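**Student:** With the sequence up front, the predicted model follows.
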Amino acid sequence: MIIERGFMILTHRRQKLINAVIYFARNTKYCGKIKLLKLLYFLDFWHFKQTSKSVTGLNYSAWDFGPVPDEFYEEISDEMSPDLAEAIKIIPIEKFQKIHARKPFDSKYFTKREKRLLELLVEIFRDAKAEDMVESTHLLNSPWDRTLKEKGKHQPIDYFLALDDDPESLRPDEVAHRIREREEMYNAFGVEKCM
């Protein structure tokens, strides 16, 4: 929450991230770390493609096995912050690390579009295992594939690479305009830049 000159802008990025994790853990089978990271990637990049904003504000890098939000990966792999630890628990089961939701999903932080996208992702990937989703994130010319080929391993994946000829995709110039307008507003109110 940012308060500046009597105004308050709430981005709710952290609450959206935690509740997206809860939603995926509660509504998909085989929800381990890798599947979760792939679901978050789709959530953010598909939403950006339609609106010029990610849902969670995470930044992704091109790792060998797919797109990874570095900071969040470190958090769920090492020591979770208290708010995330209250929301989920990671249960090791042989070679699998199951994400178990400790709290109910709270939809109040999400727009209607974001909720529809969460539902769509669950509908598509509910029964998929992480290894079944690899093909979806590793498609030729996908943002991950292009970043890996053009920049190399562990390089940031530009959200603009999500834009394509799909009728639901915004045009790059439209996205750039929306981002500029948003940055001007955020700068006026002292909000940190985020996709």
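**Tutor:** Structure received.
**Student:** Which helix or which strand is home to D44?
**Tutor:** If you go by DSSP states H and E, D44 is part of helix 33-51.
**Student:** cool, and E131?
**Tutor:** helix 130-137.
**Student:** and the helix or strand following that helix, what does it pack onto?
**Tutor:** Next along the chain after helix 130-137, taking DSSP H and E as the criterion, comes helix 143-150. In terms of contacts (3 or more C-beta pairs under 8 Å, 6 or more residues apart in numbering; DSSP states H and E), helix 143-150 is packed against strand 61-63, strand 66-68. (C-beta placed from N, C-alpha, C; glycine too.)
**Student:** same thing but 7 Å
**Tutor:** Secondary-structure packing of helix 143-150 (3 or more C-beta pairs under 7 Å, 6 or more residues apart in numbering; DSSP states H and E): strand 61-63.
**Student:** how far does the strand it packs on sit from the chain's center?
**Tutor:** Relative to its chain's centre, strand 61-63 lies at 14 Å (C-alpha atoms, centre = their mean, to the nearest Å).
**Student:** what's next to that strand, contact-wise?
**Tutor:** With contact meaning C-beta atoms under 7 Å, 6 or more residues apart in numbering, strand 61-63 is reached by 68, 70, 144, 147-148, 153-157.
**Student:** picking up where we left off before, report the mean confidence score over the helix holding E131.
**Tutor:** Mean pLDDT, helix 130-137: 87.
**Student:** rewinding a little: quick one: the helix holding D44 to helix 143-150, angle?
**Tutor:** 100 degrees (axes from the mean of the first three to the mean of the last three C-alpha atoms, to 10 degrees).
**Student:** Tell me the helices and strands packed up against helix 33-51.
**Tutor:** Using 3+ C-beta pairs under 7 Å, 6+ apart, helix 33-51 sits against helix 13-27, strand 66-68, strand 96-101, helix 112-125, helix 130-137.
**Student:** Report the mean confidence score over it.
**Tutor:** Helix 33-51 comes out with an average pLDDT of 97.
**Student:** Ok, stretch 90-110 next?
**Tutor:** Stretch 90-110 comes out at a mean pLDDT of 94.
**Student:** Span of it from start to end?
**Tutor:** End-to-end distance of stretch 90-110: 24 Å, with C-alpha to C-alpha, to the nearest Å as the criterion.
**Student:** That one: how far from the chain's middle?
**Tutor:** For stretch 90-110, the distance to the chain centre is 15 Å (C-alpha atoms, centre = their mean).
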